[in-house]
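In: Fold the following.
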Amino acid sequence: MLKTQISQSLCQEQETEVLASLTSHLLEPLTANRLAEIFKALSDPNRLRLISLLLDNEVCVHNLEATLGMSQSAISHQLRHLRQLELVHFRKEGRHVYYQLDDDHVREMLKQGLLHVKHG
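Out: Next comes the predicted model:
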């Protein structure tokens with residue numbers, strides 16, 4: 001009887017530790033929602049193609065239009081969405097608008113995704 005109680009007590013302590021460890025790794029709801037929005041944005045092939053042009057370059061919207069074969073309004077719509085998620089940012093020079101990736105985190109995320117796709 002005593003052995004059973006000790007065994008149950010140890011099992012409960014281990015379960016408590018496991019649950020505490022799992023809880024410490026659980027994403028907060030706001031963080032999970034934000035990350036899901038980013039991955040949702042990256043699930044669009046046109047956005048990924050657009051981002052691929054910005055991996056190592058700052059590119060004018062006009063050149064994005066010519067390279068992708070998309071209308072300027074379609075590109076602007078995609079870029080607006082990526083800007084809202086802070087994946088890209090822009091600068092204006094006269095009448096030209098130049099886009100680039102927001103930071104190295106975005107660049108590395110895309111490069112890691114490409115490595116994973118090419119690995120298989």
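
In: Who is the nearest residue to V61 once chain neighbours are set aside paired with across the strands?
Out: In space, and not counting its chain neighbours, V61 is closest to V97: 5.0 Å by Cβ to Cβ, 6 or more residues apart in numbering. In this view, the C-beta of every residue, glycine as well, is placed from N, C-alpha and C. Under DSSP bridges, the beta-bridge partners of V97 are K92.

In: quick one: contacts for V97?
Out: C60, V61, F90, R91 (Cβ atoms under 8 Å, 6 or more residues apart in numbering).

In: In this structure the second one contacts Q78, no?
Out: No. When contacts are counted by Cβ atoms under 8 Å, V61 is not listed as touching Q78 (10.7 Å).

In: which one of those two has more residues nearby?
Out: Neighbour count, other Cβ atoms under 10 Å: between V61 and Q78, Q78 has more, with 21 against 16.

In: Understood, closing this out.
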